[in-house]
Every structure is written in C-alpha cells, then in structure tokens.
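# based on what follows, work out the 3D shape:
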Amino acid sequence: MLKILFTWLDAHHGAYWAITLGPTLLLGGWILSAGKQEARGPVTPRPWFIWLDAIILFLFLFAWRWPFLLVANEFNPDESQLIAGAITLSHDPIFWRSVDGQTCGPLNFYALLPLHWLGLPLDYFTARLTGLLLIGGALFACHRALANAFGRAPAWVSILPATAFFATVTHTDLIHFSTEHLPLFLMGLCFWLLTQRPAGGRYRLWLACFVAGSLCWAKLQAAPIALMLIGWGFWQCWQDTAKSTEARLREIAWACLAAATPSLLILTCTAITGQATTMLHRYFLNNILYVREGYSKANNPGLPQFLQDMVNEALSDGRLPMLIGSALASILAGIFFLIIRRVRPPQLFLIGAFLSTAAIMAIVTPLRGFLHYALLLPLPLTFWLGATAGWSWEQLKTTWSRALLCITLMISGGLLPLVTRCAQPVPYVFGKFSEYWRYPHQSVAVIINALAGEGDSLGIWGWANNFYVDSNLPQATRDANSFFMTWPEGNQKYYRACYLSDLRQHRPAVFIDAVGPESFQFTNRLKLGHEIFPELDSYIREYYTLVADLAGSRIYARNNLSTLPALTPTRLNTLINQGRQAFALDYGASKSQLIESSAPLGMSIATVNFHPVLFAHAPASLEFTLDASMRTITGEFGLLDQSWNQRNATKGQTAGIVFIAEQVAANGQVTELWRQILSPAQILTDRDLKYFSFKLAEPVNGRLRLKSAAAHPPDNSFGYSYWGNLIAKP
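Okay, here's the model as predicted:
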C-alpha cells in the first residue's frame, strides 16, 4: 500500500501544495476568528479552544514539513550522532558510560526515547518527528504565555512569523533533529509557567526554575538563556511587595534550590554510577576547549568573519533573515508607536529584549558558523514580538485599529513567508519516495546487518554515525566519532585509551574504518585511518577480518562470527545491490564511485552540505558512459558561495550560470535533456543546493554530457559550478 502511495507521490508533485492548503487555510481562519472575538475587548476562551489551538498549530507545521520526515539519510552528522546515542542508551541507559555527547548534554539523547517506548524505531523519521513535536510544543507554550498576558488574538499573530519559519524552512541545517530542539521546548515551558504564575504561586515558580536549570544539561551553550530565565523568576519573587524582605529572600532561596536541583540530581547519578570524573572531563572541559578553539581560530578575522559566515548560510535559504527582519520591523514599529503615545513599556517587553540578547550571546559564544545555533533565537524573539504586539493591542481601543494590527502582522509574518515558499520547488524528496522505500538502508548497513545479530554492537573509527542508525546497532565505544582521538590540541592519549578499552570490552561484531574520500571530515586514510593508532591497528589485525571496502569505508568482521564464512563474494555482491546504491555513473574506466580521491581533468573536489561534489569554474563539461539499463538520472548541482560572496581582495558576483544535460549518441547526434539557469547574486533561492531529475532519450546509448556555462556570454566571472550525488536509475 505504501509503495503505491510513494509511487503516486513521485509522479504527482502538486500533491504537496494540495496537502498544505487545508491546514494553512484552517490556521488563517482560526486566527481571524480569534481576532474577531477579541477586537472589541477581552474574551474568556472556552477550555477546549486551548486544545484546538495546539492541534491546529501542529497540523500546520506537519503539513509543510512531513516530506522531510521520510528522507532516509542524515541531514547533518549531529542528527545521526543523537540517534546513535539514543540507540545505545536503549541498551545501556547510563550516560557517559555508554554514550559521550561531547559538547551536547544528555537530555537531548533521552528526548528521543519516549516515542521509541511507544513502538517507533529509533531512526530519522522518529528523530525528526520528535523535533517537530518539540518545536510545536515550544510555540504552543509561547502562545499560551502571551495569550495569558494579552489575549489569544495578539498571541496568535505574534507567534505566526516563527510558526511560518519552522513550517517553510528547507535548509538541512535547520530541519534536522538538532541539539536546539529540546532547549526550545524548555524555554517555551518557562515562558508559560512564569507568565501564568498567580501572585504568590510558589509551585509554578519552582517548576519554572527547575526547567530553566535543566537547560544546561541539554546544551551548555544555552547557559545565558537559562540564567536570564532564572533571574526572571528571582525578580518575580522580589517584586512581591506584599511579603517582607526576609520572606522574599527565603522565596528566592527556594527558587535557587529548584534551579540547582537538575544539576544535583545528575551529579548524584553520575557519582553513584562512577561517571562523575568522566562527566566533568567530557562535558564541561570539552565545552571549554570547544569555545577556546573557536576563539583561537577566529583571531583573524574574528567575530566579523563568524557573523559573515552565519549570514551567508542564512541567505542560502532565506527563511531565517525573513523571520528576523519581519520580527524586528514589527518590534521597532511598536516601539515608535508607543513612544508617540508616551506609554511606559511593560515588564514582559524588557524581559523579551533581555532574553533575545541572551540568545544572541549563546549563538555567538562558540564563534562557529553553524546555522543550527541560530534556532536558539526564534522563540525569545517571538516572545519579545508578542510583548510588543500585546502592548500595542492594549493601547488600541477601536475595533478597526485592532483588526488592522492583526491583518498587518498576518501578512508580514505569515503570508509573506508562505508566498515566497510557494515560489520555490517542492521538497526534493518528491521523486525519491519510492527509492527510499525500496532501498531504506545503505549498502554498508545491509552488510553490517548480515554479519551482526541481536545483542551485537558496532565499532566505528572516523565520523559515520549514520551507519549506527541504518544498522540500528548500539555503539561499541562511548565516542560516536574519532574526532578527539585525532585532535592534537585535546587530550588525545586519554581518549584513545578510553576508545580501545570500550572496544575490547564490547568486542563489536563489526568494525568500520570510515575514513575515505567520501567520508565526512575523515577523508585522508594515510593521515587519519585507524592505522595511526598503533594499539588499535594491532587489535584489529588480530581479531578482525577485512570483508569489504565500500563507499570509502573498510568493513571488518570479528574472526569468530558464525556469519562470516557465509559472506562469499557472490553473497557480498548481492547484499551491496540490496542497499541504497543504485548505478554509480562512471567518468572513466572502471570507476565504481563518482566522487573519489581524484577528479576528472579540469575538476576538483569540494564539500557542500557535508558531502563531496565535483567542482569547476564555468565553462565546464563532464561526460559519462551510458548503459542500456539506465533510464533516469538524478543528482545535485549549484554554485559555491564564492560565486556571489567574495571574501578576498577581489570582489565580484556571477551574472548567472546555465546548467545543461545532453545525451550524445554514438553517431554524434546531441539531444538536450535538461537546462536550468542559476543567478544567485539576484535570486536568494538560487544559492541553495539544487536537485535535478530527468529521463534519458531512447534508445539509451552513447554518453551523457553535463555542462555549465555563462548564462549571459561572454561573462562567466565567478561561475564556480558543481555537480554531486549523480545516480542513474533503471
């Protein structure tokens, strides 16, 4: 049944827009209904309205984001690491003994387990669904906080920009399950508890401080936000002038204890399990070293370069700048209006401003241009916008003026991002649903599962956490990747000793050296292969047998495995074909992979979205031999960011590059199959990674030629074009 559905979706891309239409219209009508009810004055909503608010909000998010839940590969290596850690914790729940999150706290890993307990597998779908639920919960909690303070109508139009952002964003760094999703939910919960706390309500205050104190155990980077939230709770205690100074100080002391309780509980658990020293070394010291390294690398050019990198990443999708721009414009307009009215800002306005400042501090502190850090900003910014909009709403007394405010915010914060998203293509997974259904796992994972059985584990040297996810095997070592084992500035000796000790203790059925030209970060086998660790090399040579070298990963099986003798060359070839690795186009004689350690003449290797692509300055041409079994060609293409953003002394931008696919028959006849022009200097959406799919002309023979050239000859300046992930399907 699902296969039929996925095949139909691959052929009917318009179904995506049809699915988004219903929840979008429902949300718009629901907001207008709330505005109409409250335009004349405050209205007490019926209790079931609150639940309908939550359901409609999540339906809207899900309608726009559901295709990305079904992509069967990682969007970001962090996503795979979180899932791999959750898989391992489901076998051994003691953090820092079984899993080291490096700079990530333990709560992010445990957050993936509830849906697993309900029966869902620990995979990309479950992780992204968990992330979407956390985002929905954060937005709903923020909505309830603002609705309690100002009413449902201003609350809805205030959260609309952030809701539209999370619904329509397509950048992989912003849609993968990340370490920011749980902090977002915890922040929203604090907003709700602190704004809805009745005078003298101690329990809500204590719970809010407890939640804020938990933030650092999800992401230590969020410490500035946690301190601001706890400070907000303390300020509420101090403002309770009905109590004596002594009583207020006692209340602050209890709130301080509530904020410290998560840390006390975790420290107690780590002490009982013997992981206290390991936790201090691997979590707090790692974060300090991480920030220190960021500053040492950023000495020249420092903060300006970091900000430029973040801006470049954000512009490639356009959603985040649109959110920040619309929110700040609305806030500034509200401030200007209220200055004219000479109205004193409410406390929530100042709190929103301070929280947004704390979020910016958290994003900037590591001085690394990872775009997913920016996810810490939308919720505090939304709260600040909500306080401004609610403040303005209270000053407007006529129905028409309140209606005007509501419609203006709906257009700028909701309609504009939705319209611009509709001008973009459908999610690239359309056209690949059937492929992911037919080949749910990579070939490497199929081989792993053929060797390993229940109760086995997987050891990996390198950075390929996706193999843990695809094989659904727990980590044999607490370190999911080998970064600290190869980082000379860290405590390399300590990490290597721990890694080898874990490996010897768990004796994984399969060991993978994921160092090769197609790997993430670990591409040079001579410098980064497991052989650079002599003790590990000796252990692998003694107890393991090399069974395959596939896609840049060497697969070793433990010598005493009962499944090893059955892995004949014929059986191995069958398993490879069962994995998600269809025909790989050849650009030369007997090449099995497109992107290898060397590239065709005139082309180089570059990295886009964490994987290698073939790069050359336009005009460039790339040819492949076609096979009669091939029917459809899919792949990626685009322009490197230097095409529109020159950081060197020479400044310039491309005037546009045209990408062309041609089929050259044996008799020399040329048939153009596909063409597209990218103009990233003028069109923001052309800066993102693009995907293509086209059918070959019958009969399929001869060669396929992929070309890039100046769209406006002879100007081919800054035409840094690339091709990647080229696959021929039957």
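
# measure the residue nearest in space to the middle of the chain to residue 481 for me?
For the chain, the residue sitting closest to the mean C-alpha position, by C-alpha atoms, centre = their mean, is residue 176 at 2.8 Å. According to C-beta to C-beta, to the nearest Å, residue 176 and residue 481 sit 16 Å apart. C-beta: built from backbone N, CA, C; applies to glycine.

# still on that earlier bit, skipping its backbone neighbours, what lies nearest the residue nearest to the centre of the chain in space?
Take residue 176 and drop its neighbours on the chain: the residue closest to it by C-beta to C-beta, 6 or more residues apart in numbering is residue 75, 3.6 Å away.

# how many residues are close by the one you found?
23 (other C-beta atoms under 10 Å).

# that one: what's it in contact with?
Residues near residue 75 by C-beta atoms under 8 Å, 6 or more residues apart in numbering: 68, 172-173, 175-176.

# 7 Å instead?
172, 175-176 (C-beta atoms under 7 Å, 6 or more residues apart in numbering).

# hang on, the earlier thing: surely the residue nearest to the centre of the chain and residue 76 touch.
Yes. In this structure, residue 176 is within contact of residue 76 by C-beta atoms under 7 Å, at 4.2 Å.

# now list whatever residues contact both of those two.
Shared contacts of residue 176 and residue 76, defined by C-beta under 7 Å, 6+ apart, are absent.

# returning to what we had before: and the contacts of residue 75, which is closest to residue 493?
Set against residue 493, the nearest of the contacts of residue 75 by C-beta to C-beta is residue 176 (33.0 Å).

# any idea how far residue 575 is from the closest one?
Note on residue 176: its distance to residue 575, by C-beta to C-beta, is 28 Å.

# what does residue 253 give?
63 Å.

# more neighbours: which of the two?
Higher neighbour count among residue 253 and residue 575: residue 575, with 21 against 12, using other C-beta under 10 Å.

# how close does the nearest residue to residue 71 once chain neighbours are set aside sit to residue 122?
Closest residue to residue 71 in three dimensions, ignoring its sequence neighbours and counting by C-beta to C-beta, 6+ apart: residue 429, at 5.2 Å. In this view, residue 429 and residue 122 are 21 Å apart by C-beta to C-beta.

# those two - which one has more neighbours?
Shown here are residue 429 and residue 122; by other C-beta under 10 Å, residue 122 has more neighbours (24 against 21).

# pretty sure that one contacts residue 112?
Yes. Residue 122 is within contact range of residue 112, at 6.4 Å (criterion: C-beta under 7 Å).

# about what we covered before: for the residue nearest to residue 176, helix, strand, or coil?
The three-state assignment at residue 75 reads coil, by DSSP: H, G, I helix; E, B strand; the rest coil.

# what's the distance between it and residue 427?
To residue 427, residue 75 is 12 Å away according to C-beta to C-beta.

# hang on, residue 508 in a strand?
No. Counting by three-state DSSP, residue 508 is not found in a strand; it is coil.

# give the contact list for it.
Contact analysis of residue 508 by C-beta under 7 Å, 6+ apart lists 456-459, 476.

# in strands, which of those residues appear?
Mapping the contacts of residue 508 onto strands (DSSP state E) picks out 458-459.

# mind picking the two most distant members of the contacts of residue 508?
So, those by C-beta to C-beta: farthest apart are 456 and 459, at 10.4 Å.

# okay, and which of the contacts of residue 75 map to helices?
Judged by DSSP state H, these include 172, 175 as members of helices.

# surely the residue nearest to residue 71 is in a helix?
No. Looking at residue 429 with three-state DSSP, it is coil, so not inside a helix.

# state the distance from it to residue 578.
Residue 429 is 21 Å from residue 578, where distance means C-beta to C-beta.

# where are the low-confidence patches of the stretch 201-350 of the chain?
Residues of the stretch 201-350 of the chain that meet the criterion pLDDT under 70 lie in 292-317.

# what about 90?
Residue ranges of the stretch 201-350 of the chain with pLDDT under 90: 201-204, 236-248, 250-251, 277-278, 280-327, 329-330, 333-347.

# the strands in it, which residues?
For the stretch 201-350 of the chain, strands defined by DSSP state E, counting those that start in this stretch do not occur.

# sorry, back to before: neighbour count and pLDDT for the contacts of residue 508 - can I get that in CSV?
Converted to CSV, the contacts of residue 508 look like this (neighbours: other C-beta atoms under 10 Å; pLDDT from 0 to 100):
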residue, neighbour count, pLDDT
456, 21, 94
457, 24, 95
458, 26, 96
459, 25, 96
476, 25, 95
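
# please enumerate the shared neighbours of residue 122 and residue 112.
Counting by C-beta under 7 Å, 6+ apart, the residues touching both residue 122 and residue 112 are 83, 86.

# need phi/psi at the residue nearest to residue 71.
Dihedral pair for residue 429: phi -70, psi -20, per degrees, to the nearest 10.

# report pLDDT for it.
Predicted confidence (pLDDT) for residue 429: 85.

# pretty sure it sits against residue 70.
Yes. At 6.1 Å, residue 429 counts as touching residue 70 under the criterion of C-beta under 7 Å.

# residues near the residue nearest to residue 530 when sequence neighbours are not counted, how many?
Spatially, and ignoring its direct neighbours in sequence, residue 530 is nearest to residue 461 (4.3 Å; C-beta to C-beta, 6+ apart). Neighbour count of residue 461, defined by other C-beta under 10 Å: 31.

# report the contact partners of residue 461.
By C-beta under 7 Å, 6+ apart, residue 461 lies in contact with 482, 513-515, 530.

# so which helix or strand takes in it?
strand 458-462 (DSSP states H and E).

# any idea which helix or strand of this structure has the worst average confidence?
Ranking every helix and strand in the chain by mean pLDDT, DSSP states H and E puts strand 583-584 at the bottom, with a mean of 36.
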